[in-house]
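Chemist: Next one to model:
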Amino acid sequence: MLLSSSQMLRRFCCFSAAASAPSTVTVSSSSYAFNAQKKRLVFLGSPLVSACVLEALFSAASAPDSLFQIAAIVTQPPSGRDRGRKVMPSPVAQHALDRSFPSDLIFTPVKAGEEPFLSSFRALEPDLCITAAYGNILPTKFLQIPSMGTVNIHPSLLPLYRGAAPVQRALQDGIRETGVSLAYTVRQMDAGPVISCENVVVDDQIKAPELLDLLFAQGSKLLIRELPSIFDGSAKTKALAQDESKATLAPKITQEESWLSFDQNAIVLHNKVRAFAGWPGTRAKVLVIDEKSGQNNIMELKIITTRVYSRDDIKISEDEVFFGKGSLIFSCGEGTALEVLEVQLPGKKVVNAAAFWNGLRGQKLKRL
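Modeler: Alright, predicted model coming up:
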């Protein structure tokens, strides 16, 4: 059971007084001992992709020569997930619990500026905070608490793609190279000095969830490598201010953006399918023509996997969708065409194009 900030407050009120004691083990929660000789690190993250960062920190903290210990975890409150909408801890909270991390050291404030939460957080006296896709704005009064500041793992090469959807927007733009940045957190979103970064080449078929996994895995390694410099203060000296003139934004994805418009170039559509994979996905409407009965019906399809049509052995019809060599082929703007390899009907499983085409039983498709 995860406790609210107010419930945890009384557990932390002894930390401040005990931290000055000369003994090695100074304070403890109900089942967790704090070492006065090690820095207190607090991790903030929520989705599954953040759990790899937390796991890297757990592994590094367990090393005999570790400079730090994980003093607490901050994550989003439990929410309804999956089809049954069962209320469950965030993936990060669940990973921590599976690792036997004390539940009374897992904070789940609705907002990071809540005073009960901040009171508990101050009493913990954290040295450093690490954020990785936490999903909550950190106010100034939070950022002032950790003595060594807050460091964020951001999946882009800052100052490019600041904001909530850096990976999705980068893929949507068709970039061929991106990366992950380790930067100090300031009040302005993703605008703090950059400690270090790693470049990653982007394959033209990779989708957003896969690229997110890759970037946060790289970010975990980068963080562990840079932690000693963060703790000894040299990271602040070498951190570079971002060039504001080069900053670009990556605003949050909306459900309304998920529709595909086939009057656009096929490359634009393919990049959008990759970028919006997972959530919200990409959708298209097609006209199903039954020549035997004379009936026409509009069908909504979720487009799962695509590639840009590059063969010239078949003439592309302007509006008819046809099947060739395992793909549904849609004509697109500027004389281009898009191959659709996997689709999903509402409430159904993902199927390949051949299975979908066979299910039409001779009916024809036209794009809308």
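Chemist: what's residue 109 sitting at in phi/psi?
Modeler: Backbone torsions for residue 109, taken as degrees, to the nearest 10, come to phi -70, psi 150.
Chemist: scratch that, residue 166 is what I was asking about
Modeler: phi -60, psi -40.
Chemist: Next one: it from residue 192, what distance?
Modeler: For residue 166, the distance to residue 192 equals 15 Å [C-beta to C-beta, to the nearest Å]. Where C-beta positions appear, they are placed from N, C-alpha and C, glycine not excepted.
Chemist: likewise residue 320?
Modeler: 53 Å.
Chemist: Compare the two (neighbour count), which wins?
Modeler: residue 192 (23 against 15; other C-beta atoms under 10 Å).
Chemist: where does the more buried one land on pLDDT?
Modeler: According to the prediction, residue 192 has pLDDT 98.
Chemist: With residue 131 instead?
Modeler: Looking at residue 131 specifically, the model assigns a pLDDT of 98.
Chemist: Okay, now the sheet partners of the helix or strand hosting it, with direction.
Modeler: Assigned by DSSP states H and E, residue 131 belongs to strand 128-132. Using DSSP bridges, the strands paired with strand 128-132 are strand 39-45 (parallel), strand 150-154 (parallel).
Chemist: How about residues contacting the helix or strand just after the shortest one?
Modeler: Following strand 150-154 in sequence order, the next helix or strand is helix 166-172 (DSSP H and E). Residues from elsewhere that reach helix 166-172 (C-beta atoms under 8 Å, 6 or more residues apart in numbering): 154-156, 160-161, 163, 178, 202, 206-208, 211-212, 215, 250-251, 253, 271-272, 274-276.
Chemist: Between strand 128-132 and the helix or strand following helix 166-172, find me the angle.
Modeler: Once the chain leaves helix 166-172, the next helix or strand it forms, by DSSP H and E, is strand 177-184. Going by axes from the mean of the first three to the mean of the last three C-alpha atoms, to 10 degrees, strand 177-184 is angled at 150 degrees with respect to strand 128-132.
Chemist: buried stuff in strand 177-184?
Modeler: 178, 179, 180, 181, 182, 183, 184 (16 or more other C-beta atoms under 10 Å).
Chemist: Tell me the one among those residues nearest to residue 340.
Modeler: residue 178 (25.4 Å; C-beta to C-beta).
Chemist: Which of the contacts of helix 166-172 are buried, as a PyMOL select command?
Modeler: Those of the contacts of helix 166-172 that count as buried under 16+ other C-beta under 10 Å are selected in PyMOL with:
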select buried, resi 154+155+156+160+161+178+202+206+207+208+211+212+215+250+253+271+272+274+275+276
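Chemist: Tell me if residue 188 really is in a strand.
Modeler: No - Residue 188 sits outside any strand when classified using DSSP: H, G, I helix; E, B strand; the rest coil, being coil.
Chemist: Out of the buried residues of strand 177-184, flag the one nearest to residue 348.
Modeler: The nearest one, if we look at these relative to residue 348 and count by C-beta to C-beta, is residue 178, at 33.2 Å.
Chemist: Quick check, that closest one in contact with residue 206.
Modeler: No - Residue 178 is not in contact with residue 206 according to C-beta atoms under 8 Å; the separation is 10.4 Å.
Chemist: Report how many residues lie close to residue 50.
Modeler: 26.
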